[in-house]
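**Student:** Fold the following and give me the result.
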Amino acid sequence: MRKLLSILTLIFCLSLSAVALPIDKYSVKREDLPEAAQQFLSTHFPKDKVSMIKTDKHLLKKTDYDVKLVNGTEIEFNNKGEWTSVDCKTRAVPEKLIMSTIRRYLDKNYPKSKVVEIEKKIHVYRLELADGTELEFDRLGIFKSAKQKD
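**Tutor:** Modelled structure (predicted):
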């Protein structure tokens, strides 16, 4: 009985470790990205070179792409190649990524601040300004909240 229990435990541990193995792939070729992501990079970061592309494959066949540019900008894409977050560190995020209603709010309330990070979730946009202020907007661009980042 003890032998059987040991064998079952061993099989369970081996199968668990096989599932937990990362299926990530690293590359520097833009061609490894979906067409929409390639187009995004060509439109918004045409002169910037790719430093690294990390392809995250998840258990449910969902694939995410993390792209790091030579200038330090980090961009995340979902499995369809749509951007989900852009972090330009200290540089300003391209203006075209910020929807017009949010831009109007920023021009009125934060006229001298620049957006250095933007994240797009299912129901919300999160922006970070250069001074560390985090702003949250709904999907229509209506302001929800602001807080100072620690």
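**Student:** where along this protein do the strands fall?
**Tutor:** All strands of the chain, identified by DSSP state E, fall at 25-27, 50-57, 63-69, 74-77, 83-87, 115-120, 124-129, 133-138, 143-148.
**Student:** Can you redo these as a markdown table, where the extra columns are distance to residue 105?
**Tutor:** For every residue, glycine as well, the C-beta is placed using N, CA and C. Listed next are those as a markdown table, based on distance: least, CB to CB, whole Å:
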| stretch | distance to residue 105 |
| --- | --- |
| strand 25-27 | 38 |
| strand 50-57 | 32 |
| strand 63-69 | 28 |
| strand 74-77 | 24 |
| strand 83-87 | 18 |
| strand 115-120 | 11 |
| strand 124-129 | 10 |
| strand 133-138 | 8 |
| strand 143-148 | 6 |
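**Student:** most packed of the ones you listed?
**Tutor:** When you average the neighbours per residue for each of the strands of the chain (mean count of other CB atoms under 10 Å), strand 74-77 leads with a mean of 21.
**Student:** Name the strands paired with that strand and say parallel or antiparallel.
**Tutor:** Within its sheet, and counting by DSSP bridges, strand 74-77 is paired with strand 63-69 (antiparallel), strand 83-87 (antiparallel).
**Student:** now the first one: mean pLDDT?
**Tutor:** The pLDDT scores in strand 63-69 average 93.
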